[in-house]
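> compute the structure for the input listed below.
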Amino acid sequence: MRWLRLYRPWLSVIVVVATLCIVSLTVSAQNQPSPGKIRKSGSCSHDDSGLKLPEGFCATVFAEGIGHARHLVVSASGVVYVNTWSGDYYDFDKPHDGGFLVALQDKTGAGKANVIERFGETVQTGGAGGVGIGMYKGSIYAEINDRIVRYTLPAGSIVPKDAPETIVSKLPLGGDHPMHPFVIGADGSMYVDVATATNSCQAKNRQPKIPGDNPCTELETRGGVWHYDANKTNQMFSPAERYATGIRNAEGFAFDSTGRLFVTQHGRDQLHSNWPELYKPEEEATLPAEELMLLKSGGDYGWPECYYDGVQNRLVLAPEYGGDGGKAVGVCASKMGPVAAFPAHWAPNGMVRYEGKSFPSRYRGGLFIAFHGSWNRAPYPQGGYNVVFQPLDGDQASGPCEIFADGFAGAKKTPEGAAYRPTGLAVGPDGALYVSEDIHGRIYRIVYTGDPAGRAPKGAPCPSISASAGKVVQSSAQPPESNTENLPVPEGSTADMVALGVRIYHGQVGGASCTGCHGASGTGSTLGPDLTKKEWMWSDGSFAGILKVINQGVPQPKKFRSPMPPQGGAQLSDTQASAVAAYVWGLSHQPPK
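Residues are numbered from 1 along each chain as shown. Model prediction:
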């Protein structure tokens, strides 16, 4: 249920001390007995990140509180440029003052930005920020609303002085995926993700048992990668520039040394909640796999007719197009599969190929991928919220992925509970890896303190794609949420019904996944509203009104981007639906604290 802050005589002393510290750190990293062991990076000098990294790696918080940081790029001089996003995705928060684009510079060498400058569109000029950002021929390219624009950087300045030039305009907005990440090749070829407006091309998005449109006319303007020229201005979006199709959401891009382009794919959601007769509740959490794909001109990667089953290692027919729960292949036999796959719903956002020389050689030529974290695994444990390393051999994976950086989320790996959620990646000229996150606007800088030519550490293996969903997560809510005796009971209901509603809400009965959108305590997330407040958009807040919304769902939300299916995609009895309504009523009618 839908519910990113001396004196000259001492100088020589400081230099000597710093040198000794560096040497000490290097020797320590090289002499670790277990290079594959993951440990908290806080044991490194000046590490304040809280991240868990392979031995020898350290991280610092390069910047904090810059806005909802999405993708980023680093100039040849080491200036980090970040695009930040706003709007309804972040529950109508107040955007940061200044432009949505941020330039970050470390002039002291301390591993932290001490120069922060903003530029670009503002709320006052009609901007809402963006996701995509790139650099080509010394200029900054950035997504803003429905455009990709170019800012020329004058000599001696890290921010532009003049207004930008429009490279592409009229990019589609709205729907489930309104963002436009992109990448620019050495020849100026610009590849733009124009992701889908729907989950699976249904006439009624994310609603149970609704067939997919056939043909899926959405593919004319969405669900693929478009090709433009970064050297040309005033290009306009049209179906003619589509480069590849059948891609639900390709947020991560990376070229290899030969010019081949890899992209990530967000797999579709809600197999069980929309087709409960074909999929078990736990398959909502384990299907389909996320994908890494080799992008080819004219390639068709299967959406919406197909999804990738990581257990069977093949594309199978989606239920909206006649699929039978994973057995039938049909037209998917002719579609292009991935070169690597990852656990379901981890949400691969940023991606970068490592070509730096400061990390051990085993990382060179491989891909780092930032996983934003899942919501659709509820009521089972969520996954992702990390950065993984995927080794490559040519155009294929040369081994399973490894969890390179973890600990972003903190104690709660959920959309509403995570402390930080990684989303963008870039490599600096010195080989440092930068990671952005979009809750508090934090930028991390990860470096290697050991000898790059020495024994290479490894991260922990990624969980198996075929691993079980795990056990239903118990509520971590504190009273009064976890103590139903303290919740008010609507007229005509009972305390026992409220207690049953708690169990259903948390997925312990009935197969509902309410916590995925509304949080374990009902306080909401970027996917669903806070249920503990008396703010009603679809009813008068009465028990009867809440029950009606639960049973009918919310096909067209007024604020949040994705709809809620009837009964949150579960198949509840009348008694169970009433119990959930009683619990939600109780949450919203608690006495003032």
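> residue contacts, the most centrally placed residue in the chain?
What sits nearest the mean C-alpha location of the chain, by CA atoms, centre = their mean, is residue 372, with 2.8 Å. Applying CB atoms under 8 Å, 6 or more residues apart in numbering to residue 372 gives the contacts 346, 347, 348, 349, 384, 385, 421, 422, 423, 438. Yep, even glycine has a C-beta here, placed from its N, CA and C like the rest.
> how much space between the residue lying closest to residue 180 once chain neighbours are set aside and residue 436?
Leaving aside its sequence neighbours, residue 180 sits nearest to residue 143 (CB to CB, 6 or more residues apart in numbering; 4.7 Å). From residue 143 across to residue 436, the span is 14 Å (CB to CB, to the nearest Å).
> the more surrounded of the two?
Ranked by neighbour count (other CB atoms under 10 Å), residue 143 and residue 436 place residue 436 first, with 32 against 27.
> residues contacting the more buried one?
Taking CB under 8 Å, 6+ apart as the contact definition, residue 436 lies against 4, 69-72, 82, 350, 370, 422-425, 442-444.
> among the contacts of residue 372, which two are most distant?
The largest distance within the contacts of residue 372, taken as CB to CB, falls between 346 and 438 and amounts to 15.5 Å.
> list the strands paired with the helix or strand harbouring the residue nearest to residue 180, with their directions.
According to DSSP states H and E, residue 143 maps onto strand 139-144. Sheet pairing of strand 139-144 (DSSP bridges) gives strand 133-136 (antiparallel), strand 147-152 (antiparallel).
> which stretch among the ones you listed approaches residue 126 most closely?
Comparing the strands paired with strand 139-144 under CB to CB, the one sitting nearest is strand 147-152, at 11.0 Å.
> quick one: contacts of the closest one?
101, 119-120, 132, 138-142, 160, 162, 164-171, 180, 182, 190, 192, 228, 230, 233.
> burial count for residue 392?
Neighbours of residue 392 (other CB under 10 Å): 20.
> and if you look at residue 592?
Other residues lying near residue 592 total 3 when counted by other CB under 10 Å.
> and residue 486, by the same measure?
Neighbours around residue 486, by other CB under 10 Å: 12.
> okay, it and residue 589: tell me how far apart.
Residue 486 is 12 Å from residue 589, by CB to CB.
> do residue 116 as well
Taking CB to CB, one finds residue 116 at 44 Å from residue 589.
> contact partners for the residue nearest to residue 180?
83, 130, 131, 132, 133, 171, 179, 180, 181, 182.
> try it again at 7 Å.
83, 130, 131, 132, 180, 182 (CB atoms under 7 Å, 6 or more residues apart in numbering).
> next: residue 549.
538, 539.
> report the distance from the helix or strand containing it to the chain centre.
According to DSSP H and E, residue 549 maps onto helix 543-552. Between the centre of helix 543-552 and the centre of its chain there are 31 Å (CA atoms, centre = their mean, to the nearest Å).
> got the buried residues for it?
543, 546, 547, 549, 550 (16 or more other CB atoms under 10 Å).
> who are the packing partners of the helix or strand hosting residue 585?
Following DSSP H and E, one finds residue 585 within helix 574-588. In terms of contacts (3 or more CB pairs under 7 Å, 6 or more residues apart in numbering; DSSP states H and E), helix 574-588 is packed against helix 495-505, helix 543-552.
> can I get those in CSV including mean pLDDT and distance to residue 377?
Below are the helices and strands packed on helix 574-588 laid out as CSV (pLDDT from 0 to 100; distance: least, CB to CB, whole Å):
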stretch, mean pLDDT, distance to residue 377
helix 495-505, 87, 16
helix 543-552, 88, 22
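> nearest to residue 314, out of those?
That would be helix 495-505 among these, by CB to CB, at 35.0 Å.
> chain center to the helix or strand following that closest one, what's the gap?
Downstream of helix 495-505, the first helix or strand assigned by DSSP H and E is helix 515-518. Distance, stretch centre to chain centre, for helix 515-518: 16 Å (CA atoms, centre = their mean).
> so what's the residue count around the closest residue to residue 582 other than its chain neighbours?
Distances taken as CB to CB, 6+ apart put residue 493 closest to residue 582, at 4.3 Å, once the chain neighbours are dropped. Counted with other CB under 10 Å, the neighbours of residue 493 add up to 19.
> element containing residue 493, please.
Going by DSSP H and E, residue 493 is not in any helix or strand.
> how close does it get to residue 351?
Counting by CB to CB - residue 493 and residue 351 are separated by 50 Å.
> ok, residue 113 next?
With CB to CB as the criterion, residue 113 and residue 351 are 23 Å apart.
> ramachandran coordinates for the residue nearest to residue 582?
Dihedral angles of residue 493 (phi, psi; degrees, to the nearest 10) stand at phi -110, psi -180.
> show the pLDDT at it.
On the pLDDT scale, residue 493 is placed at 90.
> thought it was touching residue 581?
No: at 8.3 Å, residue 493 does not count as touching residue 581 under the criterion of CB atoms under 7 Å.
> find residues that contact each of those two.
With CB under 7 Å, 6+ apart, residue 493 and residue 581 have common neighbours residue 543.
> just the ones of the contacts of residue 372 in strands?
Judged by DSSP state E, those include 348, 349, 422, 423 as members of strands.
> is the third one bridged to anything, and to what?
The residues paired with residue 422 through beta bridges, assigned by DSSP bridges, are residue 437.
> and if you look at the first one?
Residues found in beta-bridge contact with residue 348 (criterion: DSSP bridges) are residue 371.
> what sits against residue 427?
74, 352, 354, 355, 356, 433.
> tally of neighbours for the second one?
This points to residue 352. Neighbours of residue 352 using other CB under 10 Å come to 26.
> by contact count, what packs against the host helix or strand of it?
Using DSSP H and E, residue 352 sits within strand 348-353. Contact here means 3+ CB pairs under 7 Å, 6+ apart; on that basis strand 348-353 packs against strand 253-255, strand 367-371, strand 422-427.
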